[in-house]
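S.K.: Model the following, please.
(one chain, ligands or ions: 1)
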Amino acid sequence: PFDVLVIGGGPAGASSAIYAARKGIRTGIVAERFGGQVMDTVGIENFISVKYTEGAKLAASLEEHVKEYNVDVMKLQRAKRLEKKDFIEVELENGAVLKSKTVILSTGARWRNVGVPGEAEFKNKGVAYCPHCDGPLFAGKHVAVIGGGNSGIEAAIDLAGIVSHVTVLEFMPELKADSVLQDRLYSLPNVTVHKNVQTKEITGTDKVNGISFIDRATGEEAHVELQGVFVQIGLVPNTDWLGDALERTRMGEIVIDRHGATSLPGVFAAGDCTNSPYKQIIISMGSGATAALGAFDYLIRN
Ligand code: FAD
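M.R.: You can find the predicted model right below:
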């Protein structure tokens, strides 16, 4: 059996595997797609000490760094079941069952898509999902935020400080964000809020040039010219396969403590699949290190 088995090969998983392997213990990593969300990213400007890099380049460096160590790397494999018996067992979709004394879950998350024409076509060409990452690219421009929940309104407030104008589109008749966020939003001079509207299309040529939406009460269609669209309708953790094996939040995020420990002894978790706030590369890497050190602590005590 492994001492530490990491599930997921994004920034959190790579960091966990390196920290575990550096303890000289038997470490494995299972990754459906090495690099994770980083593979979908073009420019990265907030990975501290690296002024600018690109997703594919950072993903290759992650893999290269992991391979410096004695880590059993199992790529293109998907975990489908976790169960605690004598060891912790992880079953893969190919039928193999891996056994380990500890497991670190780092299966990440994915942004929920709005699913309208133009969204996929203009991804990274005006359509964005992360205001902390891509906000500065739209300095002085007009952007839309789709979604009036907490993340949408936080994004709108954040962006209003950088861009010239923010148009918020909410499907329901009321914003769902906390009232303190709504108060702050409505105090800003450069924000327009449309409620009870359905996004119809993100328009553009080589990049985004506008957004069309329908007033759900009147059926009237409107088009606003702008340069960017931030989709903020939820980040979905890749944790369905865990079922009731351990505690997850209502949103599906794995609940962890300060050491990265989950509710199931010997199982740790890190990165975007957990209930820790702020989903970023640098934060995922930090939490991967925490989880690996937590797992090592657990091993020397059990
Ligand atoms: P992920 O990167 O999601 O990796 C999850 C890993 O788990 C992958 O290897 C995946 O294949 C694997 N996996 C999932 N399910 C299974 C399974 N059942 N079995 C086996 N393996 C599985 N952050 C920044 O800091 N700066 C940026 O500029 C930035 N830009 C971004 C741009 C885009 C378009 C996106 C989508 C995200 C961006 N982020 C950025 C966020 C950042 O990418 C994430 O916070 C970070 O990648 C999370 O790392 P993670 O390891 O927790 O998860």
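S.K.: Now for residue 156, how many residues are close by?
M.R.: 30 (other Cβ atoms under 10 Å). For the C-beta atoms, the positions are set from N, CA and C on the backbone; glycine is no exception.
S.K.: isn't there a helix covering it?
M.R.: Yes: judged by DSSP: H, G, I helix; E, B strand; the rest coil, residue 156 forms part of a helix.
S.K.: Return the distance of it relative to the ligand.
M.R.: 19 Å (Cβ to the nearest ligand atom, to the nearest Å).
S.K.: Now do the contacts for that residue.
M.R.: 145, 166, 168, 185, 191 (Cβ atoms under 8 Å, 6 or more residues apart in numbering).
S.K.: Which residue lies nearest the spatial centre of this structure?
M.R.: residue 109 (4.4 Å; Cα atoms, centre = their mean).
S.K.: what's near enough to touch that one?
M.R.: 37, 235-238, 272-273, 279.
S.K.: For the stretch 51-200 of the chain, just list every one of the helices.
M.R.: Remark: helices assigned in the stretch 51-200 of the chain by DSSP state H, counting those that start in this stretch are 55-67, 131-134, 150-160, 179-186.
S.K.: can you pull the buried residues of the longest one?
M.R.: Spelled out, it's helix 55-67. 55, 58-59, 62-63, 66 (16 or more other Cβ atoms under 10 Å).
S.K.: And the ligand, is that helix touching that?
M.R.: No: Helix 55-67 does not reach the ligand (Cβ under 6 Å from any ligand atom); its nearest approach is 7.3 Å.
S.K.: Give the other helices and strands that that helix contacts.
M.R.: Helix 55-67 makes packing contacts with helix 11-21, strand 71-75 when contacts are defined by 3 or more Cβ pairs under 8 Å, 6 or more residues apart in numbering; DSSP states H and E.
S.K.: what would the ones you listed look like in a markdown table with mean neighbour count?
M.R.: Listed next are the helices and strands packed on helix 55-67 as a markdown table, based on neighbours: other Cβ atoms under 10 Å:
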| stretch | mean neighbour count |
| --- | --- |
| helix 11-21 | 29 |
| strand 71-75 | 17 |
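S.K.: could you measure the residue lying closest to the residue nearest to the centre of the chain once chain neighbours are set aside against the ligand, distance?
M.R.: Computed as Cβ to Cβ, 6 or more residues apart in numbering, the closest residue to residue 109 that is not its neighbour in sequence is residue 272, at 4.0 Å. In this view, residue 272 and the ligand are 4 Å apart by Cβ to the nearest ligand atom.
S.K.: Right, I'll leave it there.
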